[in-house]
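Peer 1: heads up, no residue letters with this:
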């Protein structure tokens, strides 16, 4: 079989697709990945065929925009960009498609859904986090810790109507529906609630114990688990200076604000202040080292290192709350402190806290004192340590890649 994958987003969005694609290839299938230039090396290194969507410059333009990390404006920015490239992306899918191909789309790969609608081809949507699913039973947390499950259902129904009508649909529905008319397709509404999910198959790449299914989630949905791919198979040995750092003292605390974050100067400044207060060491990960201040003794920087290779050697993990990062933290069995900004991050932070493995600090409170206090409480709590060990054991038994590939093969 031939599979055409269309991931959208940062490294955390791409790693699951690449891991699944590599496993499909190992099963004898052809796999093509249609994505942005910064991910070419990742795709080719995994033995998959790469096809270009947007340039490195265009990707860099979006990730430099401060609105991307705003709790309310971020999603609007992303949806406008998706709409801006919709026709080009659709043509690229059409160029890459061959009869018999199975489409595997990201939730924001609207061009893939359009092609599926127009040509009635076999397809599946991969959804990485539970927050994407609207529910009148247990809605996701829009702010960390919020629990709307006890609200009356009619209130939640009105809330979702307002979110779709006044926030989401205005950013994408006019552009989408104009193109649909040009393709001879009827208009759609409630784009994020209903239409983005393939009616043939939706696969949630998270386990039930992290995101329990709700009665009003899509009928085509099946949950597998976190795929946990992070290029560790290609990068099996850590750089010598990093290995020396890890070996020469107590386990460090790993800090990263997300692979695409170019607005993290304050994050790293306060991170260094926090570990100084705690008397601990730190490992800082960012592809944009211009954000870093002068590093004191006991603090080390790397542009990139596979989480699975380094997190088991760390005392704790501080990050933005992205789904790929937290999954690796769960697998490593270490406490997690998040600074959720937008997208799925507030809901993810809430779910980590419910599992007993994490806390959060809001961006406005992310200073050395707050971070040091939260980390100290996490690291010293025996209950947190026990919960981390429990979920790490559970996650390692779930075989997410093979379960996901089984479902994708059935789509054909």
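Peer 2: Ah, there it is. Because the structure is predicted, anything quoted here is derived from the model rather than measured.
Peer 1: Tell me the spacing between the closest residue in space to residue 31 that isn't next to it in sequence and residue 393.
Peer 2: Using CB to CB, 6 or more residues apart in numbering and skipping residues adjacent in sequence, the residue nearest residue 31 is residue 21, 4.2 Å away. For every residue, glycine as well, the C-beta is placed using N, CA and C. For residue 21, the distance to residue 393 (CB to CB, to the nearest Å) stands at 27 Å.
Peer 1: May I see the buried residues of the helix or strand hosting residue 244?
Peer 2: Taking DSSP states H and E as the criterion, residue 244 maps to helix 240-247. Neighbour counts over helix 240-247 (16 or more other CB atoms under 10 Å) mark 242, 245, 246 as buried.
Peer 1: Run through who's touching it.
Peer 2: Outside of helix 240-247, the residues within contact range by CB atoms under 8 Å, 6 or more residues apart in numbering are 237, 238, 252, 281, 283, 300, 302, 305, 310, 313.
Peer 1: Widest-spaced pair of those?
Peer 2: 237 and 281 (21.2 Å; CB to CB).
Peer 1: quick one, which of the two is more surrounded?
Peer 2: residue 281 (20 against 8; other CB atoms under 10 Å).
Peer 1: Quick check, pLDDT for that one.
Peer 2: As predicted, residue 281 sits at a pLDDT of 98.
Peer 1: Identify the residues contacting it.
Peer 2: Counting by CB under 8 Å, 6+ apart, residue 281 has contacts 245, 249, 250, 251, 252, 253, 275, 298, 299, 300.
Peer 1: what packs against the helix or strand of the chain with the lowest mean pLDDT?
Peer 2: In the chain, no helix or strand scores lower on mean pLDDT, DSSP states H and E than helix 73-84, which sits at a mean of 88. With contacts taken as 3 or more CB pairs under 8 Å, 6 or more residues apart in numbering; DSSP states H and E, helix 73-84 sits against helix 169-182.
Peer 1: Which neighbouring elements make contact with the very next helix or strand once past the helix it packs on?
Peer 2: Later in the chain than helix 169-182, the nearest helix or strand by DSSP H and E is strand 202-204. When contacts are defined as 3+ CB pairs under 8 Å, 6+ apart, strand 202-204 packs onto strand 123-127, strand 221-223, helix 400-411.
Peer 1: what are the pairing partners of strand 202-204, and which direction each?
Peer 2: strand 123-127 (parallel), strand 221-223 (parallel) (DSSP bridges).
Peer 1: These into CSV, with extra columns for mean pLDDT?
Peer 2: CSV is the format used below for those (pLDDT from 0 to 100):
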stretch, mean pLDDT
strand 123-127, 98
strand 221-223, 98
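Peer 1: Tell me if I'm right that the residue nearest to residue 31 and residue 4 touch.
Peer 2: No: in this structure residue 21 lies outside contact range of residue 4 using CB atoms under 8 Å: 10.0 Å.
Peer 1: which non-adjacent residue is nearest residue 201?
Peer 2: residue 124 (4.1 Å).
Peer 1: how many neighbours does the one you found have?
Peer 2: Neighbour number of residue 124 under other CB under 10 Å is 25.
Peer 1: any idea how far residue 32 is from it?
Peer 2: 15 Å.
Peer 1: and what of residue 298?
Peer 2: In terms of CB to CB, residue 298 sits 45 Å off from residue 32.
Peer 1: ditto for residue 261
Peer 2: Residue 261 is 29 Å from residue 32, by CB to CB.
Peer 1: Most distant residue from the centre of the chain?
Peer 2: residue 184 (33.4 Å; CA atoms, centre = their mean).
Peer 1: and the closest residue to it other than its chain neighbours, what pLDDT?
Peer 2: Leaving aside its sequence neighbours, residue 184 sits nearest to residue 118 (CB to CB, 6+ apart; 7.8 Å). Per-residue pLDDT puts residue 118 at 97.
Peer 1: ok so, going back, which one's more surrounded, residue 21 and residue 4?
Peer 2: Set residue 21 next to residue 4 and count neighbours by other CB under 10 Å: residue 21 wins out with 27 against 24.
Peer 1: residues contacting the residue nearest to residue 83 when sequence neighbours are not counted?
Peer 2: Spatial nearest neighbour of residue 83, chain neighbours left out: residue 175 (3.7 Å); criterion: CB to CB, 6+ apart. Going by CB under 8 Å, 6+ apart, residue 175 touches 83, 84, 86.
Peer 1: switch the cut-off to 10 Å
Peer 2: Going by CB atoms under 10 Å, 6 or more residues apart in numbering, residue 175 touches 79, 80, 82, 83, 84, 86, 87, 110.
Peer 1: Return the member of the residues you listed nearest to residue 359.
Peer 2: Looking across the contacts of residue 175 and measuring by CB to CB, the closest to residue 359 is residue 79, at 30.4 Å.
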